[in-house]
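> One predicted model, sequence on top.
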Amino acid sequence: MMKKFLMNKMPQTLLVFVNILSMFLLYFYKERFDKSILISVILLVATIYISNYILLKISSGDHYLFLVVSMLSSIGIIMIYRLNPVYGFRQIIWFGVGIVFYFIFYFCVKRIKGWKKWLNGYFIISMILFVVTQVLGTKIKGATNWIRIGGIGIQPSEIIKIIFVFYLASYYTNYTKKANEKYKFLGVVYSYIAFLFIQRDLGTAMIFCFVFFIILYIYEEDRKLIYYQIIGGLIIGIVSSFLIHHVQVRFIAWFNPWEYIEKEGYQITQSLFAIGAGGFFGTGIGLGHPEFIPEVHTDFIFSAICEEMGIFGGIAVIMLFLILVYRGFKIALNQYDKFFKIVAIGITTTLGFQAFIIVGGVIKMIPLTGVTLPFVSYGGSSLVASFAALGILQVASEEIQMEQEEGDGYNS
C-alpha cells in the first residue's frame, strides 16, 4: 500500500525534494539568508502539495501541467530569492495568489456556459483595458503598459492576452464565409496590435501576431489571406525597425553589442558573460554574480539560472517548457469541442512563444523584447495571468460536454 502511494506521488515528491534541497543550499551558501528562508520553504512546499492534492480530486484532465509549471515557478523563486530575499518572498506570495486565480478561472470557465458566443464582449473589454492603460498607465522601460493601484503595479496586457485568445476562438467557432465579417475580424485583430504599438509594448505585440498567424493558418480557408497577413506583418516589422527608436535600440544591441558595450549592448553582453561563466554545471547557487546584469530578476532570469545552475540547468528549463508545449498541443488534438480546441492552441502558443523570445533574446539569438519568462521571472501580473491561463488549459484538457448547436460540434 505504501509503495503504491509513493509511486503515485513520485513527481510531486521529487518536486518537493528539489525545493527543500535548493532552499537549504541557499541557507548554507550565504550568511545573508536568515531563518525566514525556512518559512519560505514551508509556504512553497505546502502550497504546491495542497494545490496538487485538490487538483487530483476535482479534475479528470491532465495532472502533469500543474507539476511542470510548479517546477518552473520553483526554479524561478529559488533564483529570485538568491538575488533578493525580499523579492523572493514576494514571489512566493504571488505564487500563492496565482494558484488561487488558477482555481478561480478553472471553476468559472468550467461552470459558465456559452463562452463561444461573446465575440463582441471580448473586443469591448479589451478596448476598455487598452484605453484605461493609455490614459492612466505609467511608462516603464519605454512602454506604457503598467497601471499603479496603491503600491501594486498591474499589467493589463497580461489579461488581454487571454481575452485575445478567447476572441479568436469565438470567431472561428462561429466562422462564416461572409467577406464583410472577415474584414471586420481583421480590423479588430489589428486594432489590438495597433494599441500595443502605441503603448510601445512591442514584445507583447509580437506574441499577439504569432498567436494570430498560427490560428489563422490552421482555421482560415482563404490561403491567400494568410500569405497577405504574413507579408504585411513582415513589412510592419521592417518599417518599425527604421521608424521606432525603441526598436532601433534593440536591433543595435542585437547586431553588435560589443561595439556598444557601455550603453545599448551592456545588458546582453553581461548576459553572455554570465552564461559563459557558468559553464556546463554552473558556479553553484549563491556563488555567481548574476546581479551584474540589469533587470536580472525579470528580463534576464534565464541568464542567472545558466550562470549558477549551468547550461544543463538552462536546458532543463527549456525542456520543461517543451513538455508544457507538447502537452498543450496534445490537449488541443484530443479536445472535440472546437472552441476549447482553439483556446488550447492559443494559450499553448502564447506561453511557448513568450518563452522562446525571452530565451532567444538573452542568448543573442534574436533581438531582446522585454517580456518576462512565464512562471519563472519576477512579477505578479505575469505570474497570476500565466496561472489563470493554465487553469483554462486545465479545463480544455478535460472532456467538454458539448452544446448541440449549429456551428458547434466535432469540426476542427
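Received the coordinates, thanks. Numbering: from 1, shown residues only.
> Quick check, Thr133 in contact with Ile159.
No. Using Cβ atoms under 8 Å, Thr133 is not in contact with Ile159, being 10.3 Å away. Yep, even glycine has a C-beta here, placed from its N, CA and C like the rest.
> out of those two, which sits in the more crowded spot?
Set Thr133 next to Ile159 and count neighbours by other Cβ atoms under 10 Å: Thr133 wins out with 24 against 17.
> Show the average pLDDT along the helix or strand hosting Tyr171.
Using DSSP states H and E, Tyr171 maps to helix 156-173. Summarised as a single mean, pLDDT over helix 156-173 is 92.
> Export it to PDB, keeping only CA atoms.
Taking Å, rounded to 0.1, in the frame of the first residue of the first chain, the C-alpha atoms of helix 156-173 are listed here in PDB:
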ATOM      1  CA  PRO A 156      -3.500  44.900 -18.300                       C
ATOM      2  CA  SER A 157      -1.800  43.400 -21.400                       C
ATOM      3  CA  GLU A 158      -1.400  40.100 -19.500                       C
ATOM      4  CA  ILE A 159      -5.200  39.900 -19.100                       C
ATOM      5  CA  ILE A 160      -5.800  41.000 -22.700                       C
ATOM      6  CA  LYS A 161      -3.600  38.100 -23.900                       C
ATOM      7  CA  ILE A 162      -6.200  35.600 -22.600                       C
ATOM      8  CA  ILE A 163      -9.100  37.700 -23.900                       C
ATOM      9  CA  PHE A 164      -7.500  37.800 -27.300                       C
ATOM     10  CA  VAL A 165      -7.200  34.000 -27.400                       C
ATOM     11  CA  PHE A 166     -10.900  33.800 -26.500                       C
ATOM     12  CA  TYR A 167     -11.800  36.300 -29.200                       C
ATOM     13  CA  LEU A 168     -10.000  34.300 -31.900                       C
ATOM     14  CA  ALA A 169     -11.600  31.100 -30.600                       C
ATOM     15  CA  SER A 170     -15.100  32.700 -30.600                       C
ATOM     16  CA  TYR A 171     -14.700  34.000 -34.100                       C
ATOM     17  CA  TYR A 172     -13.500  30.700 -35.700                       C
ATOM     18  CA  THR A 173     -16.100  28.600 -33.700                       C
END
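> ok now that helix, how far from the chain's centre?
14 Å (Cα atoms, centre = their mean, to the nearest Å).
> Just want the angle from the very next helix or strand once past it to helix 156-173.
Using DSSP H and E, the helix or strand that follows helix 156-173 in sequence is helix 179-198. Calculated by axes from the mean of the first three to the mean of the last three Cα atoms, to 10 degrees, helix 179-198 forms an angle of 170 degrees with helix 156-173.
> Other residues contacting helix 179-198?
123, 126-127, 130, 134, 157, 160, 164, 167-168, 171, 202, 204-205, 208-209, 212, 222, 225, 229, 240, 244 (Cβ atoms under 8 Å, 6 or more residues apart in numbering).
> what about Asn120, distance to Ile58?
For Asn120, the distance to Ile58 equals 32 Å [Cβ to Cβ, to the nearest Å].
> scratch that, Leu43 is what I was asking about
Distance, Leu43 to Ile58, by Cβ to Cβ: 22 Å.
> Settle it for me: which of these two has more neighbours?
Leu43 (15 against 12).
> ok, that one touching Ile92?
Yes. Taking contacts as Cβ under 8 Å, Leu43 lies within contact range of Ile92: 5.4 Å.
> mean confidence score for the strand or helix carrying Met309?
Assigned by DSSP H and E, Met309 falls within helix 301-334. Throughout helix 301-334, pLDDT has a mean value of 93.
> so the closest residue to Tyr167 other than its chain neighbours, which of the three states?
Excluding the flanking residues, the one nearest Tyr167 by Cβ to Cβ, 6 or more residues apart in numbering is Tyr122, at 4.1 Å. Taking DSSP: H, G, I helix; E, B strand; the rest coil as the rule, one finds Tyr122 in the helix state.
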